[in-house]
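Visitor: Take this sequence and fold it.
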Amino acid sequence: MTPSFRLHPGAPGSPVLLHVPHSSREVPPDVREGIVLGDDELARELDHITDSHTAALADTAARAAAVTPWRFVNLLSRLVVDPERFPDEREEMRAVGMGAVYTRTTHRAALRPEEFDAGPLLDRYFTPYARAMTDAVDARLAAAGRAVVVDVHSYPTEALPYELHGTGPRPPICLGTDPFHTPPALVDAARRAFASFGGIGTDSPFAGTYVPLAHHGRDPRVSALMIEIRRDVYMSEPGGPAGPGLDALGAALAALVDEAAAPLG
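Guide: Numbering: from 1, shown residues only. All right, here's what the predicted structure looks like:
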């Protein structure tokens, strides 16, 4: 089976792990068979749901950073599974058919049949991904005594119908935080790094950040921050090419990586 994720090595002693979960448009043929959209409809849905070019952004930052971070990149579309969702009733996005396995689209149309069984996709993709991400964080803890997960995302300029909190501010840069895992010093470092992009908000329109469940709420050595970039800052929407903003964002993310790699105050 083709790998569904890839861990790109960084500097042996770096605590920083860039996580890129939603950058791919790849849907394996057997998974495609379970999606009810036509090809053109699926292409439009991928335009809307994919955090396009975020893998390239993380790669640019990794190459520019003085201390190379590790990168964990999802090679499959979030329409296969969304590795950042809770796989159970804790996930609020289940209310709009977008739990760990989506059954509805960004515009709340049917994506999969009503009777679809998510279990095989969770077993095949979600569980191995979660295990590997846990192992990657454990490796940073073993090597550096701490881990800093920086979650790299993007979001559309205009709210889509699936968004549960789409009426709030939509700044150029949104920082998603966790009360247990996001220290103020990490937020401050991100604010400095991304200060030149026209505005930075916190937890709107998207809140929280990814931490493996094995560490979530348990291990204070694991810090985490989500970087949500409004797509008009760096690309043509909904699914077009990247523009010159991508390089500037890569340099900003590299600055955050280097500050996070050093002990935060």
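
Visitor: After the host helix or strand of D188, heading C-terminal, what element do we hit next?
Guide: Assessed by DSSP states H and E, D188 sits inside helix 184-193. Proceeding N to C from helix 184-193, the next assigned helix or strand is strand 200-202, under DSSP H and E.

Visitor: so the very next helix or strand once past that next one versus helix 184-193, what angle?
Guide: Counting by DSSP H and E, the element after strand 200-202 in chain order, helix or strand, is strand 222-230. Going by axes from the mean of the first three to the mean of the last three CA atoms, to 10 degrees, strand 222-230 is angled at 30 degrees with respect to helix 184-193.

Visitor: From here on, call the first residue 597.
Guide: In the new count, where the first residue is 597, that last one comes out as strand 818-826.

Visitor: who does the helix or strand that strand 818-826 is followed by touch, helix- and strand-wise?
Guide: Per DSSP H and E, the first helix or strand lying C-terminal to strand 818-826 is helix 841-857. Secondary-structure packing of helix 841-857 (3 or more CB pairs under 8 Å, 6 or more residues apart in numbering; DSSP states H and E): strand 612-616, helix 650-660, strand 743-751, helix 780-789, strand 818-826. (Each C-beta comes from the backbone N, C-alpha and C, glycine too.)

Visitor: wait, what's in contact with S800?
Guide: S800 sits next to 761, 764-767, 770 when contact means CB atoms under 8 Å, 6 or more residues apart in numbering.

Visitor: 6 Å - rerun?
Guide: 764-765 (CB atoms under 6 Å, 6 or more residues apart in numbering).

Visitor: Which one of the helices and strands packed on helix 841-857 lies nearest to P834?
Guide: strand 743-751 (10.9 Å; CB to CB).

Visitor: Summarise which helices and strands the helix or strand where A726 lies is packed against.
Guide: Here A726 sits within helix 723-740, counting by DSSP H and E. Contact here means 3 or more CB pairs under 6 Å, 6 or more residues apart in numbering; DSSP states H and E; on that basis helix 723-740 packs against strand 743-751.

Visitor: So what touches the helix or strand that comes right after the strand it packs on?
Guide: Per DSSP H and E, the first helix or strand lying C-terminal to strand 743-751 is strand 769-772. By CB under 6 Å, 6+ apart, the surrounding residues in contact with strand 769-772 are 783, 786, 790, 793, 796-799, 802-805, 822, 824.

Visitor: And for stretch 734-749?
Guide: Outside of stretch 734-749, the residues within contact range by CB under 6 Å, 6+ apart are 609, 611-616, 647, 650, 654, 733, 805-806, 817-824, 856.

Visitor: Tell me the buried residues within those.
Guide: 611-616, 647, 650, 654, 733, 805-806, 817-824, 856 (16 or more other CB atoms under 10 Å).

Visitor: In a helix, L638, correct?
Guide: Yes - the assignment for L638 is a helix, going by DSSP: H, G, I helix; E, B strand; the rest coil.

Visitor: And it, how far from F682?
Guide: 25 Å (CB to CB, to the nearest Å).

Visitor: Pick out whichever of those two has more residues nearby.
Guide: Neighbours per residue, other CB atoms under 10 Å: of L638 and F682, the larger number sits with L638, 19 against 15.

Visitor: Setting aside sequence neighbours, what's the nearest residue to that one?
Guide: In this structure, L638 finds its nearest non-sequential neighbour in I631, 6.4 Å apart by CB to CB, 6 or more residues apart in numbering.

Visitor: what do you get for R674?
Guide: Nearest residue to R674 in three dimensions, chain neighbours excluded: H618, at 4.9 Å (CB to CB, 6+ apart).

Visitor: Regarding the one you found, what is its secondary structure?
Guide: Taking three-state DSSP as the rule, one finds H618 in the coil state.

Visitor: Nice, that's everything, thank you.
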